[in-house]
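Chemist: Provided below for reference: sequence and predicted model.
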There are 2 protein chains.
Amino acid sequence: MAETFDKHVLDNGMVLLGEPMEAVESVAFGFMLPAGAAHLPEGCCGAASVIGDWIFRGAGDKDSRQLSDALDGLGLVRGRSVGSSHLTIGAALEAGNLAEALNLHADIILRPSLKEDQFELARQLAIDEVLSLDDDPRQKVMIKLRELFYPSPLGRSALGEISELKGLTAGTSKQIIRDNFDLSKTIFTVAGKYDFDAVCRQMEGLFESQPQQDGQSINSTPSAGQYTHIENDGAQVHIGLMTGTVKPTDEDYYNARVAVSVLSGGMSARLFTEVREKRGLCYAIGARYHALKEAAGVMCYAGTTPDKAQETLDCVIGEFNRLGDGISEEEIARAKVGLKSSLILQSESSSSRAGAIGSDHYMLGRVRDLDEIKDRIEQTTVDSVLAFLRNNKFKDFTVVTIGPRKLEIKN
Amino acid sequence: MAETFDKHVLDNGMVLLGEPMEAVESVAFGFMLPAGAAHLPEGCCGAASVIGDWIFRGAGDKDSRQLSDALDGLGLVRGRSVGSSHLTIGAALEAGNLAEALNLHADIILRPSLKEDQFELARQLAIDEVLSLDDDPRQKVMIKLRELFYPSPLGRSALGEISELKGLTAGTSKQIIRDNFDLSKTIFTVAGKYDFDAVCRQMEGLFESQPQQDGQSINSTPSAGQYTHIENDGAQVHIGLMTGTVKPTDEDYYNARVAVSVLSGGMSARLFTEVREKRGLCYAIGARYHALKEAAGVMCYAGTTPDKAQETLDCVIGEFNRLGDGISEEEIARAKVGLKSSLILQSESSSSRAGAIGSDHYMLGRVRDLDEIKDRIEQTTVDSVLAFLRNNKFKDFTVVTIGPRKLEIKN
């Protein structure tokens, strides 16, 4: 397990974080730009999705084609994601090509061409992507669930809304880039094989611009139980359910993670055995911990058929409620082993680590050592998890269903 | 890069393959059982999907619950897949728990409980999973495409057909397990941190049963161009397209891989730039090489809207046809870099490597060294790829569409 982290802060406030990994030939990096969906002006929901495409359509002295050619010429396996807080652009690649990849990304972030005709293409593709959700109800139910659970603007769909995307202009989008590509709040992460001194020198040269003004922070609390039903005459029912819980900064964070793992950490976990295996109620089920900096919850999905939908929902809520009644030593032991095992597997992927250290820094203000996480998981007990559940009862379920009929929420 | 492989063949013919990886704490393993969808009796399509669930519902002296508890207690991140040739069961986990995980898997493979009531639950979930495809047209179009392109039984859907699943009995499924869990044709793979001598000794003890009879091999050639349209009144059109090409055993295999990479290896590749970026025709597009032992093809997906569907299809077929007309040195160079880069990234994941060495052994009868693959990719040239395309023209496109209207195939 990796035990050391690299950290350097540029004069303009941009944070550089690194995690060296032995015996890998690759490196992964990411720029977490504070341009996530929750940070965009009212009515511009979806702009980050368009911008994330647009800035790659030419930058510096390269047109769209030349830029794509240059990036692919370095063998980049690219990743781009829009979350509530950040628009993250990054890649994994052969370690030897890192410096050249960073040069290109400095152009993309600081000197994108932002041509009007390219904007129209990017916007149209973003609209088509939202339309395509109609053919993907499983993803759609979870997007709607986040919207309902996290108060606006936190829960906004990163893909955007059709009506707002139709009204979005190149001018507005340029202004959003100027306002939100704020280097003083940008986190750069790198993991794998790299020379941190060389990375720091290069990043200083590339990103030595002035810090920008402070944006405002967002304060809000999750929704206290709402139900939205989306009518759809399919053969399936998609159920999304979410309930508030503690944030990663909370003392009880690890108790919450272990509790969720007892509920849904593996095939021996309660949701899987009670809902799927014993009763055959649904073909797909899972719950996971989901956190933004401002709020957190347990998010659950179940896919079933109309005749089993009500029983599935009752059963899922029943398992959430029942958890505080008692947990066995064996369940806690398995939950811990499962959490630690996924930690080890993630620790071996440079892309996972680059994402994890950036997220830790943003959420906690520091990067957690893997041994610290393992120790904290290890310290949880049946008593500590049950005490957490007593003080933080799962309740006020926010529910979204897609299917032929509305269901009844029996808390 | 890893340079050495471990290999040992048990007396009963079962092949054990290993790839040691430095500096990882995890290990991944897989049992490739010759019970893939193409190897099942007529009318039992989907049985492998049911069996892959059923055998985990109790084995050896453990009932379903105890077995799940034991597997999760080892922190296994499980993977199960049904392909044309194999039902593969495996996991990634902390290296220290490998021996115990193998003991449990010997029970699952050799001594599954196969209780009738558990069969009904497994069968019903398999039926629900097929039904759920109606809500996932993107996956559905590719399943139908494989069915149409590869002749029966090669292209069979691993999920099965509702009518056949409804007729499937526990008795038939037990017989399939007896006939198809043939250790003499089973490939066991392990990658990551392990002691190969210890693994071999343990596997000898666990799997010392007699070899079973030879099954027949399957010979067939891919379909020569057919079109199936599935009516669906959604806002999207899903296009699947496939054309035959050389198999991994062919001298021209690497030329084929580079050609497909020129077409769809990255965001600078032809399909992405011509169809998505320049014309904004579709929100999702990609082509990839797809091989069974018996036949291979290039498989392409495009997701678009009804008004752009015909132009998208014309444009995609146009790019396939145009490829043989000329390729630049730069395109070949980028295609090679892209292929080598993904190779390096895959080489760092124990699960990927466990899968790759098993697939190599099955397809080629030997495991390829990563340096060999890199060298062979490096040896391709504009001339060699164009010569390959002249002798193996992309033609006779098999097409499946899901959408409101039938399209026209203009070859």
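Modeler: Done, it's in.

Chemist: when you work out contacts or count neighbours from here on, use the C-alpha atoms and nothing else.
Modeler: Noted.

Chemist: how far away is A:V24 from chain B?
Modeler: 7 Å (CA to the nearest CA, to the nearest Å).

Chemist: swap that for A:L17, sorry
Modeler: 21 Å.

Chemist: ok, that residue - contacts?
Modeler: A:F5, A:D6, A:K7, A:H8, A:I187, A:F188, A:T189, A:V190, A:I357, A:G358 (CA atoms under 8 Å, 6 or more residues apart in numbering or on different chains).

Chemist: looking at those residues, which are in helices?
Modeler: A:I357, A:G358 (DSSP state H).

Chemist: got a quick ChimeraX command for the buried subset of the contacts of A:L17?
Modeler: For the buried members of those, the matching ChimeraX selection, counting by 16 or more other CA atoms under 10 Å in any protein chain shown, is:
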select /A:7,187,188,189,190,357,358
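
Chemist: what sits closest to the residue nearest to the spatial centre of chain A if chain neighbours are left out?
Modeler: Centroid check for chain A by CA atoms, centre = their mean gives A:G83 as the closest residue, at 5.6 Å. Closest residue to A:G83 apart from its sequence neighbours, by CA to CA, 6 or more residues apart in numbering or on different chains: A:G36 at 5.3 Å.

Chemist: kindly report the same for A:L98.
Modeler: A:V27 (7.4 Å).

Chemist: tell me the pLDDT of the residue nearest to A:G83.
Modeler: On pLDDT, A:G36 comes in at 94.

Chemist: list the contacts for it?
Modeler: A:A48, A:V82, A:G83, A:S84, A:S85, A:H86, A:L87, A:A158.

Chemist: again, 6 Å this time
Modeler: A:V82, A:G83, A:S84, A:S85, A:H86, A:L87 (CA atoms under 6 Å, 6 or more residues apart in numbering or on different chains).

Chemist: so where's the stretch 101-250 of chain A shaky on pLDDT?
Modeler: A:210-221 (pLDDT under 70).

Chemist: and if we set it to 80?
Modeler: Where the stretch 101-250 of chain A drops to pLDDT under 80, the residues are A:209-225, A:234.

Chemist: chain B contacts on that one?
Modeler: A:L121, A:L125, A:E129, A:D136 (CA under 6 Å from any CA of the partner chain).

Chemist: would you show me how to pick out the buried ones of the residues you listed in PyMOL?
Modeler: The following PyMOL line selects those of these that are buried, judged by 16+ other CA under 10 Å:
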select buried, chain A and resi 121+125+129
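
Chemist: as a markdown table, the residues of the stretch 101-250 of chain A next to chain B with secondary structure and distance to B:T381 would be great.
Modeler: A markdown table is the format used below for those (DSSP: H, G, I helix; E, B strand; the rest coil; distance: CA to CA, whole Å):
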| residue | secondary structure | distance to B:T381 |
| --- | --- | --- |
| A:L121 | helix | 34 |
| A:L125 | helix | 35 |
| A:E129 | helix | 37 |
| A:D136 | coil | 41 |
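
Chemist: how about the residues of the stretch 101-250 of chain A next to chain B in JSON lines, adding distance to B:K293?
Modeler: Shown next, in JSON lines, are those (distance: CA to CA, whole Å):
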{"residue": "A:L121", "distance to B:K293": "41"}
{"residue": "A:L125", "distance to B:K293": "37"}
{"residue": "A:E129", "distance to B:K293": "36"}
{"residue": "A:D136", "distance to B:K293": "32"}
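
Chemist: closest one of the residues of the stretch 101-250 of chain A next to chain B to A:G297?
Modeler: A:D136 (23.3 Å; CA to CA).

Chemist: am I right that A:Y194 is in a strand?
Modeler: No. Read with DSSP: H, G, I helix; E, B strand; the rest coil, A:Y194 is coil and lies in no strand.

Chemist: count of residues packed around it?
Modeler: Counted by other CA atoms under 10 Å in any protein chain shown, the residues lying close to A:Y194 total 21.

Chemist: quick one, phi/psi of it?
Modeler: A:Y194 has phi and psi values of phi -160, psi 160 when expressed as degrees, to the nearest 10.

Chemist: number of nearby residues for A:V298?
Modeler: 21.

Chemist: enumerate every residue touching it.
Modeler: Contacts of A:V298 by CA under 6 Å, 6+ apart are A:M242, A:T243, A:R288, A:Y289, A:H290.

Chemist: most neighbours out of those, which is it?
Modeler: Neighbour max across these (other CA under 10 Å) = A:M242, 32 neighbours.

Chemist: helix, strand or coil: sort out that one for me.
Modeler: A:M242 - assigned by three-state DSSP - is strand.

Chemist: excluding chain neighbours, what is closest to it?
Modeler: Nearest non-adjacent residue to A:M242 (CA to CA, 6+ apart): A:M299, at 4.5 Å.

Chemist: now swap in A:E378 and tell me
Modeler: Per CA to CA, 6+ apart, closest to A:E378 is A:K336, 6.8 Å.

Chemist: what sits up against whichever helix or strand the one you found is part of?
Modeler: Using DSSP states H and E, A:K336 maps to helix A:329-346. Outside helix A:329-346, the residues that touch it by CA under 6 Å, 6+ apart are A:V258, A:S261, A:V262, A:S352, B:D72, B:G73, B:G75.

Chemist: which residues in the stretch 201-350 of chain A form helices?
Modeler: Counting by DSSP state H, counting those that start in this stretch, the stretch 201-350 of chain A has these helices, from start to end: A:253-264, A:270, A:306-322, A:329-346, A:350-364.

Chemist: on that earlier part again, three-state assignment of the residue nearest to A:L98?
Modeler: strand.

Chemist: surely it and A:G192 touch.
Modeler: Yes. If you go by CA atoms under 6 Å, A:V27 and A:G192 touch, sitting 4.4 Å apart.

Chemist: looking at the contacts of A:G36, spot the one nearest chain B.
Modeler: The closest of those to chain B turns out to be A:V82 (CA to the nearest CA; 16.4 Å).

Chemist: contacting residues around the closest one?
Modeler: Counted by CA under 6 Å, 6+ apart, A:V82 has contacts A:G36, A:A158.

Chemist: again with A:T245
Modeler: A:A296, A:G297.

Chemist: go again using 8 Å as the cut-off
Modeler: A:A256, A:A295, A:A296, A:G297, A:V298, A:N392, A:F394.

Chemist: just those now: which is nearest chain B?
Modeler: The closest of the contacts of A:T245, once distances to chain B are taken by CA to the nearest CA, is A:A256, at 18.7 Å.

Chemist: count the residues that sit near the closest one.
Modeler: 26.

Chemist: and the one 4 residues further on, by the same measure?
Modeler: A:V260 is surrounded by 21 other residues when neighbours are defined as other CA under 10 Å.

Chemist: and it, what pLDDT?
Modeler: A:V260 is given a pLDDT of 97.

Chemist: that one contacts A:A287, correct?
Modeler: Yes. The pair A:V260 and A:A287 qualifies as a contact (CA atoms under 8 Å) at a distance of 7.2 Å.
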